[in-house]
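Enquirer: Give me coordinates for this.
(chains A and B)
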Protein chains: 2
Amino acid sequence: MHLKHPALDPQAVSPRTDSGYPEPFRSRVLPREKRLLGAALGLAKFGVNLTTLPPGKESSMRHWHTHEEEFVFVLEGEVVLCTDAGEQTLVAGTCAGFKAGTKDGHQLVNRSSRPAVYLEVGTRDDADAVEYPDVDLMWNPAVHPDRFTHRDGTPY
Amino acid sequence: MHLKHPALDPQAVSPRTDSGYPEPFRSRVLPREKRLLGAALGLAKFGVNLTTLPPGKESSMRHWHTHEEEFVFVLEGEVVLCTDAGEQTLVAGTCAGFKAGTKDGHQLVNRSSRPAVYLEVGTRDDADAVEYPDVDLMWNPAVHPDRFTHRDGTPY
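Expert: Next up is the predicted model:
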């Protein structure tokens, strides 16, 4: 199928397979694939990724954002959503949302035997920082530009 | 399935079946159904609707936003995307995005014989106004709060 702007066939977008995480976190999420649909469409105010998460992998470390709001919608397969409310299985057609500043970390884990595919939407905000309640990791660009650090600010 | 916050089963959300449009535009979109997932999840920075568009109906009049950015992802069935680039059929799994301020009106039309279901995401911005290139309709809350008007500002 050939679609032209402002339409887009996600399969025409090359997936990103990298992660900015240092080890040992990087291996817990890769080889996750993200197709950056929002960027491909020229959107500036929010990002939209079409993400494929292999069995056994995690979407991210459990985290919450100070300023950026997030939404996920499962398209294929199933993932387990882990938050302070406990674990819940999200099957295709279900969703979750994470208001900025709510101090409840979230992550998706694929505990099934097949790939899970979901859309993730997140606003962009230069003031954003990310906290990780379960691991010694921090993302705070205002203090440490462009890199993850330990919670005490020392580099990886 | 029972999911609790921050997860959500969209089928647990009652659909909105109204429209703020005056006639003759209202009848062109209804009985469209919108489940307001973002609002149900407490999101503040963008809205997410799960929308079902019956055969023969239009998502909206063709329009563009001055400040709000939009994204749509087709989940079931197919719709025709109408923009200045012409008409393109979006099947399940394809998407489109509309950067704020791009003066190219867009709408989705269901020309198929079965309902189409899609996700629509849009940022919220109090400064937003909406222009409709094909019909005598305007939405400019800064000048005419809470109502659609003719292009010359007179009320419907």
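
Enquirer: Show me where chain A has its helices.
Expert: Using DSSP state H, the helices of chain A run over A:26-29, A:37-40.

Enquirer: among those helices, which is nearest residue B:3?
Expert: Between residue B:3 and these, the shortest gap by CB to CB is with helix A:26-29, which sits at 23.8 Å. Quick note: C-beta positions are derived from backbone N, CA and C, even for glycine.

Enquirer: what's the average pLDDT for the closest one?
Expert: On average, the pLDDT along helix A:26-29 is 98.

Enquirer: chain center to stretch A:69-79: distance?
Expert: 10 Å (CA atoms, centre = their mean, to the nearest Å).

Enquirer: In it, which residues are buried?
Expert: Within stretch A:69-79, the residues that qualify as buried are A:69, A:70, A:71, A:72, A:73, A:74, A:75, A:77, A:78, A:79, counting by 16 or more other CB atoms under 10 Å in any protein chain shown.

Enquirer: Hmm, residue A:83 and the fourth one touching each other?
Expert: No: here residue A:72 does not reach residue A:83: they are 12.0 Å apart, not a contact under CB atoms under 8 Å.

Enquirer: Generate CSV for the helices of chain A, with mean neighbour count and distance to residue A:50 as supplementary columns.
Expert: Formatted as CSV, the helices of chain A follow (neighbours: other CB atoms under 10 Å in any protein chain shown; distance: least, CB to CB, whole Å):
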stretch, mean neighbour count, distance to residue A:50
helix A:26-29, 15, 16
helix A:37-40, 20, 6
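
Enquirer: Quick one, which of these gets closest to chain B.
Expert: Evaluated over the helices of chain A, closeness to chain B peaks at helix A:37-40, with 5.9 Å, by CB to the nearest CB.

Enquirer: May I ask which two of the buried residues of stretch A:69-79 are separated the most?
Expert: Among those, the pair separated by the greatest distance (CB to CB) is A:69 and A:77, which sit 24.5 Å apart.

Enquirer: Out of the buried residues of stretch A:69-79, name the ones that lie in strands.
Expert: A:70, A:71, A:72, A:73, A:74, A:75, A:78, A:79 (DSSP state E).

Enquirer: follow-up on the earlier one: will you turn the helices of chain A into a markdown table that also has distance to chain B?
Expert: Below are the helices of chain A laid out as a markdown table (distance: least, CB to the nearest CB, whole Å):
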| stretch | distance to chain B |
| --- | --- |
| helix A:26-29 | 20 |
| helix A:37-40 | 6 |
